[in-house]
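> give me the fold of what follows.
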Amino acid sequence: MSEPLSYGEPTLKRRSLPVAAALTTTAALLLTACGGEVDKSRGSDKTAGADQGGTEESASPSASGSETAGRPKITLAEDMENVFEGGKTGDPVKDAILYDNTQAVSAMDEAIYTRSLQKPSFGTYLADDAARDAAVWVQGFYNDGITWTGKVRYFDHEITSLKKGAATLTYCSDESKSFNKNLKTGKTSGAVSDPDDYMVFYNTRLQKDAEGIWQTTGLISKRGASQCQ
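Okay, here's the model as predicted:
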């Protein structure tokens with residue numbers, strides 16, 4: 001994990017996690033760099049669950065009712081869709097890690113949508129460096145008066161290390177169908193065709209807390225990475 005987070009890159013797309021060395025740049029991504037704009041209105045609420053994305057093939061690993069009891073519900077805008085590919089592995093520990101990762105992703109998006117970093121989900125699923133860097137990234141959306149709309153596909157999840165309540169997880173995202181949206185005008189950024197602009201590779205650290213939740217504690221991303229091509 002030699003490269004810092006890159007949420008704050010001033011690139012075309014909405015995502016790329018905050019880079020510790022680049023937090024002085026805008027954390028929100030540029031609308032004007034993306035070409036044409038299309039009018040879209042803000043969507044209504046929906047709850048982000050483990051099976052978001054609809055089909056069995058694209059459903060993320062789900063957690064049992066007993067495992068999720070008492071956890072905060074995550075609400076996203078109707079026009080925000082995270083699709084987590086891959087089903088259950090059959091290993092309850094690995095499935096819990098994968099599930100809690102999906103919740104960390106959606107918790108960050110809930111903070112963007114609700115314009116609040118005080119939602120319970122944020123502190124439930126993110127901690128330490130990941131929480132601090134993600135907060136800077138989210139704040140950039142607030143400062144620039146934007147949110148995002150569309151669909152992001154997460155795929156190729158791989159747990160590369162697991163021992164004594166600590167894990168590392170890598171995965172990719174495809175942002176080709178997600179766009180920045182100006183909150184005042186409702187206009188969205190245009191589509192891009194270069195995979196270097198919309199394919200992102202993530203390398204994350206997770207730690208199991210006292211409540212049994214696998215919190216994301218460290219997160220590195222690289223846009224245009226060869227691992228996701």
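
> where does the protein dip in pLDDT?
1-67, 69 (pLDDT under 70).

> in which helix or strand would I find the spatially most central residue of it?
Central residue of the chain (CA atoms, centre = their mean): V105, 3.3 Å from the mean position. For V105, the element it lies in under DSSP states H and E is helix 92-114.

> list the buried residues in that helix.
For helix 92-114, burial by neighbour count (16 or more other CB atoms under 10 Å) applies to 94-114. Any C-beta I mention is one placed from the backbone N, CA and C, and that applies to glycine too.

> list the helices and strands the next helix or strand after that helix packs on?
Once the chain leaves helix 92-114, the next helix or strand it forms, by DSSP H and E, is helix 120-125. Using 3 or more CB pairs under 8 Å, 6 or more residues apart in numbering; DSSP states H and E, the elements in contact with helix 120-125 are helix 92-114, helix 128-144, strand 214-223.

> change it to 7 Å
helix 92-114 (3 or more CB pairs under 7 Å, 6 or more residues apart in numbering; DSSP states H and E).

> using CSV, list the CA coordinates for the helix it packs on.
C-alpha atoms of helix 92-114 as CSV (Å, rounded to 0.1, in the frame of the first residue of the first chain):
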residue,chain,number,x,y,z
PRO,A,92,-18.8,-16.4,7.0
VAL,A,93,-15.8,-14.2,7.9
LYS,A,94,-14.9,-13.3,4.3
ASP,A,95,-18.6,-12.6,3.6
ALA,A,96,-18.8,-10.3,6.6
ILE,A,97,-15.7,-8.4,5.3
LEU,A,98,-17.2,-8.0,1.8
TYR,A,99,-20.5,-6.9,3.2
ASP,A,100,-19.0,-4.3,5.5
ASN,A,101,-16.9,-3.0,2.7
THR,A,102,-20.1,-2.4,0.6
GLN,A,103,-21.6,-0.5,3.6
ALA,A,104,-18.5,1.7,3.9
VAL,A,105,-18.7,2.7,0.2
SER,A,106,-22.4,3.5,0.6
ALA,A,107,-21.8,5.4,3.9
MET,A,108,-19.5,7.8,2.0
ASP,A,109,-22.1,8.3,-0.7
GLU,A,110,-24.8,8.9,2.0
ALA,A,111,-22.7,11.6,3.4
ILE,A,112,-22.5,13.2,-0.1
TYR,A,113,-26.2,12.9,-0.7
THR,A,114,-27.4,14.1,2.7
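
> and for that helix, what's in contact with it?
If you take CB atoms under 7 Å, 6 or more residues apart in numbering as the criterion, helix 92-114 is touched by 48, 50, 60-63, 67, 74-77, 80, 82, 84, 88-89, 117, 119, 121-122, 125-126, 134, 138, 141, 147-148, 154, 157, 159, 167, 169, 204, 206, 213-214, 216.
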